[in-house]
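Visitor: have a look; sequence and predicted model below, questions after that.
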Amino acid sequence: MFPRQLTDTRAFGIANALIEGFNRHYRLFRETSALAKSRFEQADWHGQQRAQRERIEFYDKRVEEAAERLQTEFGAATLGMDTWQQVKLHFIGLLTNHHQPELAETFFNSVTTKILHHSYFHNDFIFVRPAVSTEYIENDEPAATPTYRAYYPTRENLRQTLREVVEHFALQREFEDLDRDIAQVLAELRRQNREATRLRANFQIQVLSSLFYRNKGAYLVGKIVNGFRETPFALPILHGDDGRLVIDTALFGEDELLILFSFARAYFMVDMAVPSACVQFLRSMMPHKPRWELYSAIGLQKQGKNAFYREFLYHLRHSSDRLRIAPGIKGMVMLVFDLPSFPFVFKVIKDFYPLQKDTSRELIQRKYLLVKTHDRVGRMADTLEYSNVAFPRGRFDDELIAELRHFCPSLIEDDGDTLVIRHLYIERRMIPLNIYLQEADAAQLEHAVIEYGNAIKDLVAANIFPGDMLWKNFGLTRHGKVVFYDYDEIEYLTDCNFRRVPEPRTEEEEMSGEVWYSVGPKDVFPETFGPFLLGNPAVRRVFMQHHADLLDAAFWQGHKDRIRAGHVHDVFPYEPHKRFIHQRQGGEQARVRTLAPLDIDAD
């Protein structure tokens with residue numbers, strides 16, 4: 001229950017200090033996101049990668065600062081529940097006209113739960129549910145940039161309007177041939193959705209006001225509104241071979257945008273005053289993508305994590321199945337469990353490991369943090385990391401409880417009604433590739449093996465050596481993409497030493513079943529991968545046809561040398577054949593310049 005009167009004079013000071021801490025965080029977040037534009041213009045790819053890593057760390061630093069201030073100025077850890085309830089009421093009042101109230105509520109929770117014991121977490125002074133609506137928030141300050149811009153082209157000026165859409169972002173770098181690129185965008189739209197080019201009377205193009213920056217690309221994101229039909233689209237803008245800009249392709253429809261905003265990709269850099277309005281716009285284009293995942297995709301992963309946990313609690317309340325040990329081969333360092341009705345898995349680091357696993361809890365957590373701060377290039381699943389998660393004790397099956405008590409006793413607290421896990425990761429559930437291959441027909445097997453090799457090559461391009469490349473550590477998404485999800489042995493490619501197995505010097509060495517040559521801690525021998533990966537003849541045939549180079553040390557060492565020399569690989573969140581450059585090379589340029597006039601109908 002909330003107090004009837006606001007009697008504690010310290011409560012407003014604490015609430016105000018929390019708002020100031022959050023505002024400082026979001027100001028710094030926006031500044032580094034806005035600077036992505038100049039880094040893109042200057043082709044400062046290493047700076048972009050560095051900013052991506054540093055921005056992820058901003059939140060925890062600001063939480064630490066705010067918690068320290070509350071302790072120093074107010075003795076926050078010693079205050080009673082009544083005071084904290086008053087703090088929350090004052091805090092809600094301060095959010096009345098705030099542009100990021102949902103983010104501020106999450107920041108409030110992060111700071112207070114850092115200061116206080118988890119037994120308080122479900123009391124009235126934290127935001128278990130949002131207290132302030134984010135509907136229809138817009139930045140109404142003078143000269144403020146709206147969340148999106150609307151354009152109203154006619155049949156005669158559609159090409160010119162699309163050119164204005166691109167030029168409005170005022171990128172300080174010349175385009176190679178923007179008219180050519182716009183013509184190809186229209187050709188692709190007509191090819192994919194001819195009906196969308198029959199202009200209705202209320203035809204409009206809505207475009208988010210900030211470009212979305214990631215890796216070496218800038219993405220223009222919007223939708224075409226044509227009567228009752230809405231067509232989402234994204235235009236990737238890249239640096240061409242000569243340094244001038246090109247529109248690389250045009251992505252249309254929800255499925256292509258879902259891949260662009262995949263959970264296996266790095267977070268975008270986007271400048272936005274009102275994140276909820278940006279998420280609302282994106283959700284109108286991708287209604288099947290949950291809000292929490294969109295918050296994460298635009299770099300607000302803490303808000304995404306908070307919103308995800310609320311959805312999980314809601315699901316628990318409306319389901320009755322029990323948490324169980326996840327199907328599949330058990331891991332050596334992680335205990336993995338799931339809820340059959342919920343499409344995610346829960347991963348807990350074990351207290352002890354087999355002798356062959358030379359690792360520690362701290363090292364494993366560093367590996368997962370590496371993945372969080374790295375460009376995941378569509379091949380590494382994002383993880384949500386939580387501390388002190390309280391589960392209803394009755395929702396665990398007995399076998400899982402026994403496993404937790406055996407492998408993770410230091411991480412569980414069981415009071416009979418609630419089981420608290422002190423640290424865990426949550427990942428999207430996928431079909432393990434080893435299980436998929438057992439049941440796949442010939443065409444499915446071929447696709448999965450090719451995708452497996454492509455996944456490894458994308459990781460190599462991103463300076464990641466997966467370490468344990470067994471099929472069980474990769475999963476298949478619903479879009480047919482192979483994604484890696486076991487991170488306890490990953491290394492930077494540049495930290496590894498790729499070697500060929502030396503020729504035996506004697507007959508005894510040749511016949512020996514033991515390794516007779518020296519092996520350093522970071523030495524990798526790619527030619528030895530085959531016996532572990534290619535026991536199935538059908539798998540071996542496809543793998544050797546498409547990815548035999550993965551068994552050659554020269555492949556790995558060559559990529560390592562290029563990365564060390566400063567090269568940053570392009571990673572495309574779409575298939576290579578979609579790139580306009582291939583159409584131009586195939587003689588398509590003349591055709592797209594002579595399209596028939598677009599139709600316009602009365603609605």
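Guide: Thanks, I have the structure now. Residues are numbered from 1 along each chain as shown.

Visitor: who does the strand or helix carrying Thr113 touch, helix- and strand-wise?
Guide: Secondary structure assigned from DSSP states H and E places Thr113 in helix 101-115. Helix 101-115 sits against helix 9-34, helix 45-74, helix 81-94, helix 275-285, helix 301-317, with contacts defined as 3 or more C-beta pairs under 8 Å, 6 or more residues apart in numbering; DSSP states H and E. Backbone N, C-alpha and C define where each C-beta goes, glycine included.

Visitor: what's the angle from the third one to helix 45-74?
Guide: Pointing back at helix 81-94 there. 130 degrees (axes from the mean of the first three to the mean of the last three C-alpha atoms, to 10 degrees).

Visitor: now helix 81-94: buried residues?
Guide: Judged by neighbour count using 16 or more other C-beta atoms under 10 Å, the buried positions of helix 81-94 are Thr83, Trp84, Gln85, Gln86, Val87, Lys88, Leu89, His90, Phe91, Ile92, Leu94.

Visitor: how near is the last one to Glu31?
Guide: Which is Leu94. 22 Å (C-beta to C-beta, to the nearest Å).

Visitor: please apply the same query to the third one.
Guide: When C-beta to C-beta is the yardstick, Gln85 and Glu31 sit 34 Å from each other.

Visitor: same thing with the first one?
Guide: Going from Thr83 to Glu31 by C-beta to C-beta gives 34 Å.

Visitor: would you list every one of the strands in the stretch 201-350 of the chain?
Guide: 204-208, 212-214, 217-226, 229-239, 245-247, 251-252, 324-325, 334-338, 344-349 (DSSP state E, counting those that start in this stretch).

Visitor: the following helix or strand past the last one vs strand 334-338, what angle?
Guide: Read it as strand 344-349. For strand 344-349, the succeeding helix or strand toward the C-terminus, using DSSP H and E, is helix 361-373. Computed with the same axes, to 10 degrees, the direction of helix 361-373 lies at 60 degrees from that of strand 334-338.

Visitor: buried stuff in helix 361-373?
Guide: Those would be Ile364, Lys367, Tyr368, Leu369, Leu370, Val371, Lys372, Thr373, for helix 361-373 by 16+ other C-beta under 10 Å.

Visitor: that older thread, in the buried residues of helix 81-94, find the pair that's most separated.
Guide: Maximum pairwise distance in the buried residues of helix 81-94, criterion C-beta to C-beta, is 16.5 Å, between Thr83 and Leu94.

Visitor: can you list the weak-confidence ranges in the stretch 151-300 of the chain?
Guide: Scanning the stretch 151-300 of the chain for pLDDT under 70 picks out the ranges 193-197.

Visitor: check contacts around Cys278.
Guide: Thr147, Leu208, Val270, Met272, Ile298 (C-beta atoms under 8 Å, 6 or more residues apart in numbering).

Visitor: any idea how far it is from Glu138?
Guide: In terms of C-beta to C-beta, Cys278 sits 11 Å off from Glu138.

Visitor: what residues are shared contacts of the two?
Guide: Thr147.

Visitor: and Arg55, what does it touch?
Guide: Phe29, Thr32, Ser33, Met269, Gly299.

Visitor: the first one and Gly299 touch, don't they?
Guide: If I follow you right, that is Phe29. Yes. Applying C-beta atoms under 8 Å, one finds Phe29 in contact with Gly299, separated by 7.3 Å.

Visitor: higher neighbour count, those two?
Guide: Counted by other C-beta atoms under 10 Å, Phe29 and Gly299 do not tie: Gly299 has more neighbours, with 26 against 22.

Visitor: look up the closest residue to Ala553, ignoring the ones flanking it.
Guide: Closest residue to Ala553 apart from its sequence neighbours, by C-beta to C-beta, 6 or more residues apart in numbering: Phe498 at 4.4 Å.

Visitor: so, low pLDDT: which residues of this protein?
Guide: Those would be 1-4, 117-125, 142-143, 193-197, 507-514, 516, 585-603, if you go by pLDDT under 70 across the chain.

Visitor: now the helix or strand encompassing Thr161 against strand 229-239, angle please.
Guide: Using DSSP H and E, Thr161 sits in helix 158-167. Helix 158-167 runs at 60 degrees relative to strand 229-239, counting by the same axes, to 10 degrees.

Visitor: by contact count, what packs against helix 158-167?
Guide: Counting by 3+ C-beta pairs under 8 Å, 6+ apart, helix 158-167 packs on strand 148-151, helix 178-192, strand 204-208, strand 217-226.

Visitor: how about the ones you listed in TSV, adding distance to Phe391?
Guide: Below are the helices and strands packed on helix 158-167 laid out as TSV (distance: least, C-beta to C-beta, whole Å):
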stretch	distance to Phe391
strand 148-151	40
helix 178-192	45
strand 204-208	38
strand 217-226	37
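
Visitor: now those in JSON lines, please, with extra columns for mean neighbour count and distance to Phe252.
Guide: Shown next, in JSON lines, are those (neighbours: other C-beta atoms under 10 Å; distance: least, C-beta to C-beta, whole Å):
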{"stretch": "strand 148-151", "mean neighbour count": "15", "distance to Phe252": "17"}
{"stretch": "helix 178-192", "mean neighbour count": "19", "distance to Phe252": "5"}
{"stretch": "strand 204-208", "mean neighbour count": "20", "distance to Phe252": "13"}
{"stretch": "strand 217-226", "mean neighbour count": "22", "distance to Phe252": "9"}
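
Visitor: which of the buried residues of helix 361-373 sits closest to Phe391?
Guide: Tyr368 (20.8 Å).

Visitor: skip the chain neighbours and tell me the closest residue to that closest one.
Guide: Tyr487 (5.5 Å).

Visitor: what is the neighbour count of that neighbour?
Guide: Tyr487: 26 neighbours (other C-beta under 10 Å).
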